[in-house]
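[1] pasting the sequence and the predicted model now:
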Amino acid sequence: MQNKIMLSSDKIIRKALADKVIIIEELENDSFRAYFKNKNKTNPKPIVLPRQIEIDENFIEAIGIYIGDGKLTKNDLNHLELSTVDTDIAKFMLDFFINQFNLYLNNFTFTIRYKYGFEDNLRDKWSKILNIPAEKFLIQEKKTSKYKMQDSVTLQINSTILRRFFQAIINELLPIIKQNDNFRHAFLRGEFAADGKLGIEKDTNTYYISEISFCYDGKKEIWLRDFIIDCLRLEGIKNFNITEDGTRGLIRITNWNNYVKFWSIRILDRCLRKKNKFLNVIRQMSVYLELERNIARGILKLSKKEISQITGLHRTNIKRILENRQLFKIEQIHKLLPYSNKDWKFIDENTKNIRIGKLTHINNTDNFLDFILEEKGLKG
């Protein structure tokens, strides 16, 4: 499956401005300047574009983020605009627009919106994150926000032509995204970074993931709901349901086998905040292994008393484990392996299923056990 494709900027700009008489001036370095003139003489600024746009996974991730967090309204095509509370996403998108479309800082308007904090501190914070001068930021106090405690930054690019050009690229790529595995994964990563949620709940003293969901506007983004659902089905995700309450729509996915599929396509990798929430659950959750028959007995050359002293297990539970009527926690296996002639590779090869918590069984696929061991600090 291709990781990169090339699009002709000339063809895309002509589609984007099909209702205009476009003027294209050839420039050096395989680029051109494009603009048009309005009858009222309020002409938009020209833009300079490379003749070929390279589309890779980063580009598709940016599309997913922009669809989730960016401005797509059809009745105002004067500028591109994206808002986020996530510092890594803001930096990624700023670099993306600058590098892909030959932009400079003076092409942007930067606005910090906040509810709590001091303006100078906020300017310094975002200045360091985006590596731009603090005086570049406008600042606005917000009375209400879906991110009540968090400050956000808005990147705005005032260009009618670029807005229409970028929208035309999105339209061109959406059918390709769905059918290209790498691009589909990248789109889901970007969309989840912008509009995804992790449902985390607590049972006694243990946190667990109750759902992974995608948000959308239930009135304006039915197309996006259907597109995401098509992508999920192509990934083999079957356990999901849809809830809609006015403008709030949710595609809710449950089942740890689905979470493992998400992990395997790195769906959390574009947003560090959400990835860390997932990893924090992994590190503290109870994980048990269902081993092939007699493997537990085969790796243990110790007496029940010695096993009890090493693991803290009661002898009755040890008997149940050796009879395949109870499962080992991975921390218990970790403590016992030094007393055997086996290693985690052997355990991995002889693990039938992984149990998360009390009830959830998942397949031992995609090196997921290896991932759990690493995050829990049990590897090596």
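    All right, it came through fine.

[2] now Asp370. Nearest residue, chain neighbours left out?
    Distances taken as C-beta to C-beta, 6 or more residues apart in numbering place Asp348 nearest to Asp370, at 6.6 Å, with adjacent residues excluded. C-beta coordinates here come from the backbone N, C-alpha and C atoms, glycine included.

[3] got it, and Lys20?
    The shortest distance from Lys20 to any non-neighbouring residue, by C-beta to C-beta, 6+ apart, is to Phe36 (4.1 Å).

[4] wait, the one you found sits on Pro44?
    Yes: the criterion here is C-beta atoms under 8 Å, and Phe36 meets it with Pro44 at 7.2 Å.

[5] that older thread, for the residue nearest to Lys20, give the beta-bridge partners.
    With DSSP bridges as the criterion, Phe36 is bridged to Ile22.

[6] returning to that earlier point: can you work out which residues contact both of Phe36 and Pro44?
    Common neighbours of Phe36 and Pro44, using C-beta atoms under 8 Å, 6 or more residues apart in numbering, are Ile161.

[7] the two - which one has more neighbours?
    Pro44 (20 against 17; other C-beta atoms under 10 Å).

[8] show me the contacts for the more buried one.
    Applying C-beta under 8 Å, 6+ apart to Pro44 gives the contacts 35-36, 38, 159-161.

[9] swap the cut-off to 10 Å and go again
    Neighbour list for Pro44: 17, 20, 35-38, 77-78, 158-164 [criterion: C-beta atoms under 10 Å, 6 or more residues apart in numbering].

[10] also Asn99?
    Asn58.

[11] with the contacts of Pro44 in mind, which one is nearest to Asn317?
    Nearest to Asn317, judged by C-beta to C-beta, of the contacts of Pro44 is Arg163 at 63.9 Å.

[12] that closest one contacts Asn78, doesn't it?
    Yes: the pair Arg163 and Asn78 passes the contact test of C-beta atoms under 10 Å, sitting 6.8 Å apart.

[13] which neighbours do those two share?
    With C-beta under 10 Å, 6+ apart, Arg163 and Asn78 have common neighbours 44, 71.

[14] ok, the two, which is more surrounded?
    Taking other C-beta under 10 Å, Arg163 and Asn78 do not tie; Arg163 has more neighbours (21 against 13).

[15] mind checking the SS state of that one?
    helix (DSSP: H, G, I helix; E, B strand; the rest coil).

[16] sketch out the low-pLDDT regions of the stretch 251-380 of the chain for me.
    380 (pLDDT under 70).

[17] thank you kindly, that will do.
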